[in-house]
Each structure stands twice: as structure tokens, then as C-alpha cells.
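Chemist: A structural model of the following input is requested.
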Amino acid sequence: MEQAETLFREGVLSHLDQLETLSHNLAVKQERSLREAEALQEKRAAILQLKKERDELRTKVTRQEEQIRALSVKAEGSRPQGPNTKKALLGLKLEGVTGMMEALWFTGISGKKTDHGMCFCLSTAFEGHYLGSYYIEVNNLERPQIGRHCIPVVIPLAEISAAHLQTSLKKFLSLLFDHINAFAGRKYQADRLQDSPGACAPGTLQKNSLHTVLAFSYNVTRHGQNLLFSAKLLYRDVTAVLPTEALVTCPENVESAQEAASSHSSLFRRMPLHKALESLAKEEESPSFS
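Modeler: Prediction:
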């Protein structure tokens with residue numbers, strides 16, 4: 001009888017310890033969620049302010065473009081063009097480019113005048129981490145031409161240039177930046193996965209040069225059982241940093257593994273890769289009372 005009572009007390013105490021651990025973990029998660037909500041609110045306020053400033057700059061650029069068109073039409077109707085008219089046109093174009101750069105500065109694009117035109121700097125970043133800068137020269141602003149550059153060969157520069165450089169320098173730069181920044185973001189996630197011990201099974205990481213296909217295997221413990229999952233992430237949108245499709249499989253023919261594979265697939269599509277794997281690791285650490 002005494003032995004049974006002792007076992008009962010130990011079982012109750014063990015269960016209370018588990019409940020206390022769970023309560024502590026929930027309190028930590030709630031505090032972290034509160035801090036994240038406050039930080040998110042501050043970021044939203046900053047974004048609204050930046051959008052306001054961006055809209056003001058866009059209005060300024062539009063007004064300058066209208067002045068350029070008006071003066072161009074006037075010059076066309078009163079040939080031959082004198083040096084003062086040409087100088088005024090060039091001055092307005094440079095002023096328009098300067099205004100455009102002020103508007104694009106908020107997106108990571110900056111530039112400066114050169115003897116032949118403009119040199120633009122495309123600064124890439126992902127989740128607040130600066131990843132690197134790429135430079136491209138655009139010569140002859142009246143009939144823009146690509147000069148020297150260090151754009152990665154995997155970026156379709158010729159295609160983007162042929163489609164937009166002559167008609168809209170702003171659209172050309174914006175689209176080029178979208179391609180480069182997304183490429184840098186995908187590469188950052190793949191490199192971080194490769195450099196993080198235990199994040200994936202050794203020797204399983206595969207990727208292409210544009211980082212639009214990423215395959216790897218990883219281990220997850222569920223209900224005391226170690227399961228090996230294989231993931232293949234597809235980025236069909238080359239201007240995106242999150243995959244459009246995530247194929248996750250597990251060779252173990254158990255219902256819990258198949259349910260987990262579906263959940264992991266959704267997680268990889270919604271979160272950056274390292275955060276998704278960190279979330280899976282936290283799930284392993286959470287106490288289970290089933």
C-alpha cells in the first residue's frame with residue numbers, strides 16, 4: 001500500500017512538474033509575442049511614413065517629367081534647337097533622374113552622375129541583413145545604354161534592358177533590383193542552411209545557380225521517433241524570396257509522418273527557410289502530455 005502511495009505521489013509530482021514547465025514555456029511565448037507585436041506596430045508606422053515620403057517624391061518626379069515633355073514638344077516645334085534649349089532639356093532630364101533616385105532610394109537603389117551618364121548602386125538586403133551591392137552604369141541618358149556592371153550572369157539583364165531601358169529607366173531599375181534582391185535573399189537562406197550544423201542531413205543539400213531550386217533532407221523527432229524528411233523548394237517567381245511550391249516527403253509509412261510533411265510544406269512556403277527549421281526544432285523541444 002505504501003509503495004502504491006509513493007508511486008502515486010511521484011506520478012502527481014512529475015505531472016505537476018510537466019505542467020509547470022508548460023506554463024513557463026507559454027509565458028515565455030506570450031512575452032515574446034507581445035514584444036514582436038510592439039515591434040511590428042513600430043515598423044508599420046515607419047512604413048506608413050516612408051510611403052508618404054515616397055508618394056511625395058513620385059509626385060515631384062511626375063511633375064518634372066511633364067516639364068521635360070512640354071519643353072521637348074516646344075523644342076520640336078521650333079527647330080533648329082539652340083544650345084540653350086538643348087542645355088535646358090538635358091538639365092531637366094538630369095533633374096528628373098535625380099528626383100527619381102530620391103524616390104528609389106527607399107527601395108535600396110542609389111546613384112551618382114558620371115561623365116557619360118549615371119552609375120547606379122543596387123544594395124540588397126534580407127530581413128534587415130545587408131547582403132551586398134551591385135553596380136551598373138547607364139550611359140547617354142537621352143538614349144540609354146548599358147555600360148560597365150557587376151550584375152551576376154544568372155540575372156536576365158539583357159532581357160530586362162531590352163524590355164524597359166529605352167522606355168522607362170525607373171521601371172528598368174526597379175525590375176532589375178527585384179531580380180537581384182530576390183536572388184541575394186534566396187542565396188542567403190541557402191548559405192545559412194549550409195553553414196548551420198545539424199540544420200539538414202550532411203551531404204543532402206542541392207541547389208541550382210539561380211537558387212530557384214533547393215533540395216535537402218532533415219531530421220525531426222515526433223512522439224519519440226526520429227523521422228527523416230526530404231524537401232524540395234521551387235521558386236517559380238524569380239523576384240520572390242519564398243518558394244511558390246514546397247514538396248516534402250517522408251519514407252516512413254506512418255500517418256503522423258504524412259501529416260507532418262503537409263504541415264512542413266505549408267511552413268516552408270510561409271516563412272524564411274531558417275525560421276521554418278527553427279520553428280520545427282522548437283516543436284521538438286515542447287513537452288508532450290499525450
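Chemist: Could you list the low-pLDDT ranges of this protein?
Modeler: For the chain, the stretches flagged by pLDDT under 70 are 1-13, 15-16, 43, 46-107, 198-199, 223-224, 254, 283-290.
Chemist: That one: helices as residue ranges?
Modeler: 2-76, 83-104, 157-164, 169-195, 255-270, 273-285 (DSSP state H).
Chemist: From residue 244, how far off is the spatially closest residue to residue 186 that is not a sequence neighbour?
Modeler: Sequence neighbours aside, residue 211 is the residue nearest to residue 186 in space, at 3.8 Å (criterion: C-beta to C-beta, 6 or more residues apart in numbering). Every residue, glycine included, has its C-beta placed from N, CA and C. Residue 211 is 14 Å from residue 244, where distance means C-beta to C-beta, to the nearest Å.
Chemist: again, but for residue 268
Modeler: Distance from residue 268 to residue 244, counting by C-beta to C-beta: 11 Å.
Chemist: With neighbour numbers in mind, choose between these two.
Modeler: The neighbour comparison of residue 268 against residue 244 (other C-beta atoms under 10 Å) goes to residue 268, with 23 against 12.
Chemist: Which residues are in contact with the residue nearest to residue 214 when sequence neighbours are not counted?
Modeler: Spatial nearest neighbour of residue 214, excluding adjacent residues (C-beta to C-beta, 6+ apart): residue 233 at 4.4 Å. Residue 233 makes contact with 213-215, 243, 245-247, 268, 273, according to C-beta atoms under 8 Å, 6 or more residues apart in numbering.
Chemist: Can you add distance to residue 176 and give the residues you listed back as JSON lines?
Modeler: Converted to JSON lines, the contacts of residue 233 look like this (distance: C-beta to C-beta, whole Å):
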{"residue": "213", "distance to residue 176": "22"}
{"residue": "214", "distance to residue 176": "23"}
{"residue": "215", "distance to residue 176": "28"}
{"residue": "243", "distance to residue 176": "22"}
{"residue": "245", "distance to residue 176": "25"}
{"residue": "246", "distance to residue 176": "27"}
{"residue": "247", "distance to residue 176": "30"}
{"residue": "268", "distance to residue 176": "27"}
{"residue": "273", "distance to residue 176": "24"}
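Chemist: any idea which of those residues is the one closest to residue 26?
Modeler: residue 268 (25.7 Å; C-beta to C-beta).
Chemist: Against residue 209, how distant is residue 275?
Modeler: For residue 275 relative to residue 209 (C-beta to C-beta), the value is 24 Å.
Chemist: do residue 251 as well
Modeler: On the measure of C-beta to C-beta, residue 251 and residue 209 end up 29 Å apart.
Chemist: do the same with residue 134
Modeler: From residue 134 to residue 209 the distance is 16 Å (C-beta to C-beta).
Chemist: more neighbours, these two?
Modeler: residue 134 (20 against 11).
Chemist: The nearest residue to the more buried one once chain neighbours are set aside: what's it in contact with?
Modeler: In space, and not counting its chain neighbours, residue 134 is closest to residue 122: 4.7 Å by C-beta to C-beta, 6+ apart. With contact set as C-beta under 8 Å, 6+ apart, residue 122 has these partners: 108-109, 133-136, 173, 176-177, 180-181.
Chemist: so which of those comes closest to residue 22?
Modeler: Residue 22 lies nearest to residue 181 out of the contacts of residue 122, by C-beta to C-beta, at 41.1 Å.
Chemist: if we can go back for a sec, now do the shared contacts for residue 211 and residue 244.
Modeler: Here residue 211 and residue 244 share the contacting residues residue 235, scored by C-beta under 8 Å, 6+ apart.
Chemist: got the buried residues for stretch 230-242?
Modeler: Under the neighbour-count criterion of 16 or more other C-beta atoms under 10 Å, stretch 230-242 has 230-233, 235, 238, 241-242 buried.
Chemist: start to end distance for it?
Modeler: 18 Å (C-alpha to C-alpha, to the nearest Å).
Chemist: again with stretch 135-145
Modeler: Using C-alpha to C-alpha, the two ends of stretch 135-145 sit 14 Å apart.
Chemist: Can you list the neighbours in contact with it?
Modeler: 90, 93-94, 97, 114, 116-122, 146-151, 165-166, 169, 172, 176.
Chemist: Derive a PyMOL selection command for the buried subset of those residues.
Modeler: To isolate the buried ones among those in PyMOL, judged by 16+ other C-beta under 10 Å, type:
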select buried, resi 93+97+117+118+119+120+122+149+151+165+169+172+176
